[in-house]
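S.K.: Here's a sequence, model it:
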Amino acid sequence: MNRRLWLAAGLLAVLIVSGGCLDYVTDGGEVSDDVLDAEPEAAYDWETDRNVTLTLDSGSQFRGVYNVSADQRLRLYQPTSIGQEGPLDISAVRFRYENDTVISGTELRARGGIDQTPDEVYVTVPADGQLAFTAGATPRRLTLPVYVEGTYEVVLPEGSRMDFFLFSNTVPSGGTTELVDNRVRVTWEDVESSSILVQYYQNNDLTIFGGIIGVLSAIAVGGLYYYRRQIDRLHSTRTEMGLDEEDGK
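M.R.: This next block holds a predicted model:
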């Protein structure tokens with residue numbers, strides 16, 4: 001009886017896993033027209049002189065502008081927390097031709113191609129120009145695969161800083177930071193690595209960190225003082241009982 005129950009449970013588990021896998025494989029779908037043609041939170045920086053410009057107005061989203069060549073096919077993906085890959089959640093897609101004509105995401109899909117799979121979004125551009133889109137980001141830490149190599153610029157949210165080494169990092173190393181209009185700009189002259197990372201902090205983070213350190217220090221000092229008082233009290237008790245004198249003998 002137990003053997004049959006274990007067999008039935010195993011078959012059920014296989015069916016559940018298989019069903020999940022099948023759903024995962026077939027649930028690629030397309031990026032909807034509304035998502036492709038949505039308005040970005042702010043205008044894209046078409047006038048950038050970098051191959052790639054990533055702008056974070058808030059910690060939860062970035063706007064990317066990529067210089068691309070005719071028929072270039074970009075594989076847009078993002079590593080997941082479980083070590084796999086998933087499609088980058090792009091929206092507000094635009095393409096700008098060299099003559100400054102800008103078309104929407106749905107027009108780009110018709111002229112070039114935008115195809116989503118369970119692991120990535122493929123974008124094919126019809127001509128030389130610039131591809132722009134908006135995507136999600138993790139607050140205080142931008143990690144993104146390198147879809148286009150070359151010169152990079154990352155514009156951090158207003159009030160962000162990278163001066164304190166414990167809270168700051170860049171990958172690849174060698175990035176240059178500059179403060180312009182209360183916004184830090186991180187630039188690389190040549191990025192050939194598989195991904196970039198910019199870790200930063202907000203001004204008030206240092207205040208919070210200092211407060212935490214102060215509280216912990218006060219707790220530590222109080223603990224040491226209490227421990228010292230207990231030692232003194234124990235020593236006095238032993239002295240009154242004559243134990244320390246006997247030990248001295």
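S.K.: which secondary element of this protein has the worst mean pLDDT?
M.R.: When each helix and strand of the chain is scored by mean pLDDT, DSSP states H and E, helix 2-26 comes last, with a mean of 43.
S.K.: which element follows it toward the C-terminus?
M.R.: Toward the C-terminal end, the helix or strand that comes next after helix 2-26 (DSSP states H and E) is helix 33-36.
S.K.: which other residues reach that following helix?
M.R.: Ile90, Ser91, Ala92, Val93, Ser104, Gly105, Thr106, Leu108, Arg109, Ile114 (Cβ atoms under 8 Å, 6 or more residues apart in numbering). C-betas here are computed from N, CA, C, even on glycine.
S.K.: quick check: mean pLDDT across that helix?
M.R.: In this model, helix 33-36 has a mean pLDDT of 97.
S.K.: next one: stretch 177-197
M.R.: Averaging pLDDT along stretch 177-197 gives 95.
S.K.: tell me which element Ser236 is part of?
M.R.: helix 203-240.
S.K.: and the contacts of helix 33-36, which of them are in helices?
M.R.: Among the contacts of helix 33-36, the members falling in helices (DSSP state H) are Gly105, Thr106, Leu108, Arg109.
S.K.: Show the contacting residues for the third one.
M.R.: Right, the one you point to is Leu108. Leu36, Val93, Arg94, Phe95, Ile114, Val123, Val125, Pro126, Leu131.
S.K.: per-residue pLDDT, it?
M.R.: At Leu108, the predicted lDDT confidence score is 98.
S.K.: go on, Gly223?
M.R.: Value for Gly223, per-residue pLDDT: 70.
S.K.: Equivalent analysis for the one 4 residues further on, please.
M.R.: Tyr227 is assigned 70 on the pLDDT scale.
S.K.: how deep is it tucked in, by neighbour count?
M.R.: Around Tyr227 sit 10 other residues, with neighbours defined as other Cβ atoms under 10 Å.
S.K.: How about Arg109?
M.R.: Neighbours around Arg109, by other Cβ under 10 Å: 20.
S.K.: Could you do Gly159 as well?
M.R.: Neighbour tally, Gly159, other Cβ under 10 Å: 12.
S.K.: Repeat that for Tyr97.
M.R.: Neighbour number of Tyr97 under other Cβ under 10 Å is 14.
S.K.: Quick check, pLDDT for it.
M.R.: With respect to pLDDT, Tyr97 scores 98.
S.K.: One more: Phe165?
M.R.: Listed pLDDT for Phe165 reads 85.
S.K.: ditto for Thr239
M.R.: For Thr239, the pLDDT comes out at 73.
S.K.: How many neighbouring residues does it have?
M.R.: Thr239 has 11 neighbours, counted by other Cβ under 10 Å.
S.K.: And Tyr122, by the same measure?
M.R.: If you count neighbours by other Cβ under 10 Å, Tyr122 ends up with 16.
S.K.: element containing it, please.
M.R.: Here Tyr122 sits within strand 121-124, counting by DSSP H and E.
S.K.: Point out the other helices and strands that that strand packs with.
M.R.: strand 73-79, strand 113-116 (3 or more Cβ pairs under 8 Å, 6 or more residues apart in numbering; DSSP states H and E).
S.K.: Strand partners (parallel or antiparallel) of the longest one?
M.R.: Read that as strand 73-79. Using DSSP bridges, the strands paired with strand 73-79 in its sheet are strand 85-87 (antiparallel), strand 121-124 (antiparallel).
S.K.: Out of those strands, which one sits most buried?
M.R.: Counting by mean count of other Cβ atoms under 10 Å, strand 121-124 has the highest mean neighbour count of the strands paired with strand 73-79, with a mean of 22.
S.K.: about what we covered before: quick one: which of the contacts of Leu108 has the most company?
M.R.: For those, the largest neighbour count, defined by other Cβ under 10 Å, is 28 neighbours, found at Val123.
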